[in-house]
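Give the three-dimensional model of this entry:
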Amino acid sequence: MRPHQNLEAWSKAVDLVIDLYKATEPFPREEKFGLTSQIRRAAVSVPSNIAEGAARRSSKEFGHFISNAQGSASELETELIIAHRLGYLNEAAFAELLAKLERVGRMMTGLARRVRTTSA
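Just a heads-up that it's a prediction; the model follows:
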């Protein structure tokens, strides 16, 4: 098993990607290469950066990739807000996805803290 597969933040982020793919499926066709694509790419970037960082040799490098994942999570939050305001996500779906994203965000913050104390 690769090191990232033991991280709950990675696992929950992958679960979120699956949820977001399903949630964006009914978006308008004209958004396929717009908002739908942006949401999916930002979502995939979160667990991908966690995985890449976990495979690095130093805690400093791992911290850098966690930071990248946190940036992608912020981007994703913005895109979800836009999708909600455009009416592509109803209130319940928006709230559920945002709550899951916030949970992943808290996990990444904890992971970043652990990585910083390991490297100190």
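
A13 in helix, strand or coil?
helix (DSSP: H, G, I helix; E, B strand; the rest coil).

which stretches of the protein have low pLDDT?
1, 119-120 (pLDDT under 70).

The longest helix along it packs against which elements?
Ranked by residue count, the top helix of the chain under DSSP state H comes out as helix 91-119. In terms of contacts (3 or more Cβ pairs under 8 Å, 6 or more residues apart in numbering; DSSP states H and E), helix 91-119 is packed against helix 8-24, helix 35-54, helix 59-85. Backbone N, C-alpha and C define where each C-beta goes, glycine included.

Spatially central, which residue of this structure would that be?
V46 (3.7 Å; Cα atoms, centre = their mean).

correct me, but that one touches L16?
Yes: counting by Cβ atoms under 8 Å, L16 is a contact partner of V46 at 7.3 Å.

Now do the shared contacts for those two.
V104 (Cβ atoms under 8 Å, 6 or more residues apart in numbering).

where does N90 fall, phi/psi-wise?
phi -70, psi 170 (degrees, to the nearest 10).

Could I get the contacting residues of it?
Counting by Cβ under 8 Å, 6+ apart, N90 has no contacts.

try 10 Å this time
Residues in contact with N90 (Cβ atoms under 10 Å, 6 or more residues apart in numbering) are A23, H84, E96.

for N68, same thing?
Applying Cβ under 10 Å, 6+ apart, the residues near N68 are S45, V46, S48, N49, I50, E52, G53.

how close does it sit to V14?
Using Cβ to Cβ, to the nearest Å, N68 is found at 16 Å from V14.

cool, and E102?
E102 is 17 Å from V14, by Cβ to Cβ.

quick one: which of those two has more around it?
Here E102 and V14 are compared on neighbour count by other Cβ atoms under 10 Å; more neighbours surround V14, at 20 against 12.

Test my guess that that one contacts K100.
No: between V14 and K100 there is no contact under Cβ atoms under 10 Å: 11.4 Å.

which residue sits closest to K100, ignoring its sequence neighbours?
L16 (5.1 Å; Cβ to Cβ, 6 or more residues apart in numbering).
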